[in-house]
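**Q** Okay, here's the prediction I keep looking at, along with the sequence it came from:
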Amino acid sequence: MEILVNLDVMMARRKISSGELAERIGITSANLSVLKTGKAKAIRFSTLMALCHELGCQPGDILEFRDDP
Amino acid sequence: MNWNKDKSLLLTRICTALFAVLLLALDLGCCWAMRWFVKLRGLDGSSVRCFVATVYACSIFAWLLLWRLWMLLGNIRRGEVFTADNVSCLRAVSWCCAGAAAICLVSALYYPSFLMVAAAAGFMCLIVRVVKNVFQQAVAMKSELDLTI
């Protein structure tokens, strides 16, 4: 049971680089990398809102719940 | 006087160094001091060796404690407060207090007043353990906060 972060998929669809996205939403590239690689333990609503705004998507497009098989 | 956390930390470091100097003085003049104490209290002259053994045994724990305390203060000065290293320092300090308490408890067999010292050391061990548990919790919270994006 886990929450997957599909940020890289959305970034590829929008053709936006990590550096550019990080700059637009006001976080460091290192923190964006933590988020992309699924190492983050939590995400702030403000960060999620900024991501959805910049990528033009819904939170569900970035986060995905996967249950145990 | 403009008091701040840096000056407070400096004062703590000075006090730690002062305790180290006092401990060194006790170690160097232990035999003389214990002979004087035994004479003053009118105790049996043969108990001097027991007193010296107790002081030197406790001194080992006291040196370890001061060393770990010094390391802890150094880490805090560098801004590394809630780290696993500091939890380990506090754990060591707590065990040093427990060790000294155990020695004093045994020493109470020949000089019952050591029971008071054992109780004080045991209580200090308990306080430091609680602080250690708080630090441990804080380390976990900091880790979670650091990974909140």
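**A** Structure received.

**Q** The most centrally placed residue in chain A and chain B, how far apart?
**A** Closest residue to the average C-alpha location of chain A: A:L7 at 3.9 Å, with Cα atoms, centre = their mean. Per Cβ to the nearest Cβ, to the nearest Å, A:L7 is found 10 Å from chain B. (Each C-beta comes from the backbone N, C-alpha and C, glycine too.)

**Q** Tell me the residues on chain B that lie near chain A, please.
**A** Within chain B, the positions near chain A by Cβ under 8 Å from any Cβ of the partner chain are B:143-144, B:147-149.

**Q** Sort out which one of those residues lies nearest B:A118 for me.
**A** Distance to B:A118 across the residues of chain B next to chain A (Cβ to Cβ) is lowest for B:S143, with 37.3 Å.

**Q** Can you list the helices and strands that the helix or strand of chain B with the lowest mean pLDDT packs against?
**A** Across the helices and strands of chain B, mean confidence by mean pLDDT, DSSP states H and E is lowest for helix B:30-41: a mean of 92. Applying 3 or more Cβ pairs under 8 Å, 6 or more residues apart in numbering or on different chains; DSSP states H and E, one finds that helix B:30-41 makes contact with helix B:48-77.

**Q** Now the most centrally placed residue in chain B: closest residue in space, sequence neighbours ignored.
**A** The centroid of chain B falls nearest to B:L65 when counting by Cα atoms, centre = their mean (4.4 Å). Spatial nearest neighbour of B:L65, excluding adjacent residues (Cβ to Cβ, 6 or more residues apart in numbering or on different chains): B:C96 at 3.9 Å.

**Q** Mind naming the longest helix for chain A?
**A** Identified as the longest helix of chain A according to DSSP state H is helix A:45-55.

**Q** Which positions in the following helix or strand past that helix come out as buried?
**A** For helix A:45-55, the following helix or strand on the C-terminal side (DSSP states H and E) is helix A:59-62. The neighbour-count check on helix A:59-62 (16 or more other Cβ atoms under 10 Å in any protein chain shown) flags A:61-62 as buried.
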